[in-house]
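In: test case, fold it:
(2 chains)
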Amino acid sequence: MLYALKIAARYLTASKAQTALLIFGVAIGVFIFIFMSALIGGLAELILSRTAGDMAHISIQAEAVDPILLLPGKPLLVQQKSSKTANNLPTAMAFVPLIEALPGVTAVSPQITGAGVLTRGSQVTQVSINGLEAGKESAITRLDSYITQGTARLGAGGALIGQRLADDMDLLLGQSVRLRSSGGIEVVLTVTGIYQMGQGGFDRRTAYVSIGTARTLFAMPQGVTRIEIKLADLYAADTIAPQIKAMTGLNAVSWTVDGAQLLEALAAQAQTGYFLKGFALLTIIIGVASALLLSTYRRRPEIGIMRAMGASQGFVVLVFVMQGGLVGLMGGLFGAGIGYLALLPFPGRDNFQSGVLPIDINQGSYGLAILLTLIGAILASIWPARAAARVDPVEAIGQ
Amino acid sequence: MSALVEVTDLVKTFGSGEAETRVLQGLNLTLETGQLAALLGPSGSGKSTLLTILGTLMQPTSGAHHMLGVDLTTASDPERTQFRNLHIGFVFQFHNLLPDFTALENVMFPTAIREGRETDAAKARGADLLTRMGLADRITFPTAHLSGGQKQRVAVARALMNKPELVLADEPTGNLDRVSAMQVMDLIAQINKDEGTTFLISTHDEKIAALCHRQIAVADGKVTG
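Out: Prediction:
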């Protein structure tokens, strides 16, 4: 094995220019593999941070209550569903510490939500009211990162509104506004923060208040309407949601239930990445195989001498497979090195900028690229190596 | 002396049908241990084919081939490869050294492929052989930097590396000038005398043949004398 390695290395160093060219070709393939990995991974990060990054990965809401039959036997007369009772989770708060203790859970945000009307003078706008616990304002949606004026902290009597809502109602930071819930309860609030998420629906239609204010507005002295949960790995939602359901009996729903399209888009993007990376690997394999095939042809007389001296066919195979392995390893390391250096100037995943390719240097799959290149180069060398081993020594020496 | 190699009714044909060529036609030969024998004959007489079969690089079409009591006609390719490595050395007309290796590395090659590495013992024997060939100052030279005569002496050293019982030499001096040719033959004769290694040397040169103990004439695929 060691001796075959020595011969393989000697063959490679004997033709320095040819070997350098071969390694460079492999390195280019590895670079493309790494670049595509970082780009596809970065794109996925960007899409997720712009979508799933601000949404709950698991939501707990009261299950819809079936309409009550008022005349048994024939469903002709039913009671209208009450949104108020259906949305209430009266005992859910007791489970919050348990959910927070689950592995993989990074944040739990109990909320009271509902519809309301914001009034300032003669201007009236319908809004979604979202009551959040103090200190957890940015637990799910990163409100603090979107604040353009004021603060994301919600105190009693304070409200956060979107920039477009503030523009529509000519509201400024520190001004008062009336908020009336769908149940008719009205409170006067002060605008303590203005945010801009870049999504019209939120910026124009959502008002954040403290959970205490929301209890007053919706006459809900206890319980919550929704619990939102964030996970370290959003793809674990399908596993953790059933765990929460089994542990609490609450209706815990993974984001994937309503996010099938997003999942599909991400999967399609990942598949595209696999194809591109596969083509890069294929290029490496074809390149190594053709170069080694030429090498075996050029070295036919030497192979004949080796066989005449008592080298087995297995030894000849080993020499050429090791050549492939060395080329793969060196090309892989070189390609990974230039890949890393080429990706360094791009901003990291936390600093993606519009107009710049969203490349995540941490998702270059460097180790995988080197490993797959090594395996690919070894596989590529098997065919030429077997061809070399079949060389007839008498014929080869006679050349 | 005891029989080292014995071939009986050896036949070798190439091609088939009308294109069939019968190179060896029932050849019989016995080589005794320690012989220095010359194989004489015109081109196309079957000398090289006989050497190739005796070297286990080719199988006869029919007939028996025994060496050291082993029936080599029925041995598999891996068995013949191992046998060749252990018991047979080759010297070709063109040195056939590995060009990217030094003189010592070339000499050690038959041992290194068996051991899987270049052992200290192999290095010592290789260096000793090269010294005996008069190449002590060329041990670490790449073979590309050696003269034709020096390359052929490296090839002789390589053939002797594994202390084979039989060395087959196909026109070993055919590509050398008279002085180099005689140097190589003197070395072969000396080794034959000192170590008792059996040599079978194919040659056209009557002077080279005269240096051998036995002359074997081959014509039309048969031993004629």
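In: which helix or strand contains the residue in the stretch 51-200 of chain A that chain B sits nearest to?
Out: Nearest residue of the stretch 51-200 of chain A to chain B: residue A:103, at 50.2 Å (CB to the nearest CB). Backbone N, C-alpha and C define where each C-beta goes, glycine included. For residue A:103, there is no enclosing helix or strand under DSSP states H and E.
In: the one 10 residues further on too?
Out: If you go by DSSP H and E, residue A:113 is part of strand A:105-120.
In: what's next to the helix or strand following that strand, contact-wise?
Out: Using DSSP H and E, the helix or strand that follows strand A:105-120 in sequence is strand A:123-132. Strand A:123-132 has contacts (CB atoms under 8 Å, 6 or more residues apart in numbering or on different chains) with A:109, A:111-118, A:139, A:154, A:161, A:165, A:168-170, A:179, A:181, A:205-215, A:217-218.
In: so where's the chain shaky on pLDDT?
Out: Since no chain was named, I'll use chain A. Applying pLDDT under 70 to chain A picks out residues A:1, A:64-87, A:349-350, A:352-354, A:398-399.
In: try again with chain B
Out: B:1.
In: burial count for residue A:57?
Out: 27 (other CB atoms under 10 Å in any protein chain shown).
In: distance-wise, check it relative to residue A:96.
Out: From residue A:57 over to residue A:96 the distance is 16 Å, taken as CB to CB, to the nearest Å.
In: partner strands of the strand holding residue A:113 and their direction?
Out: strand A:123-132 (antiparallel), strand A:176-181 (antiparallel), strand A:226-231 (antiparallel) (DSSP bridges).
In: which stretches in the stretch 251-399 of chain A count as strands?
Out: A:252-254 (DSSP state E, counting those that start in this stretch).
In: around chain B, pick out the residues from it.
Out: A:301-302, A:304-313, A:315, A:393-394, A:397 (CB under 8 Å from any CB of the partner chain).
In: got the residue ranges for the helices in the stretch 1-150 of chain A?
Out: Secondary structure of the stretch 1-150 of chain A (DSSP state H, counting those that start in this stretch): helices located at A:2-14, A:16-50, A:83-87, A:96-100, A:143-146.
In: compare these and give me the one nearest residue B:156.
Out: helix A:2-14 (22.2 Å; CB to CB).
In: close to chain B, is that closest one?
Out: Yes: interface with chain B: helix A:2-14 contributes A:2-3, A:6, A:10-11, A:14 (CB under 8 Å from any CB).
In: surely residue A:328 and residue A:288 touch.
Out: Yes: using CB atoms under 8 Å, residue A:328 is in contact with residue A:288, at 6.8 Å.
In: residues contacting the spatially most central residue of chain B?
Out: For chain B, the residue nearest the mean C-alpha position is residue B:168 (1.9 Å; CA atoms, centre = their mean). Residue B:168 makes contacts with B:51, B:54-55, B:88-91, B:200, B:202, as judged by CB under 8 Å, 6+ apart.
In: again, only using 7 Å
Out: Applying CB atoms under 7 Å, 6 or more residues apart in numbering or on different chains to residue B:168 gives the contacts B:51, B:54-55, B:88, B:90, B:200.
In: one more: residue B:167?
Out: B:89, B:91, B:159-160, B:197, B:199.
In: what's residue 104 in contact with, if anything?
Out: Let's take chain A. So residue A:104 contacts A:231-233, A:236, A:240 (CB under 7 Å, 6+ apart).
In: meant chain B actually
Out: Contacts of residue B:104 by CB under 7 Å, 6+ apart are B:123, B:126-127, B:130, B:139-140.
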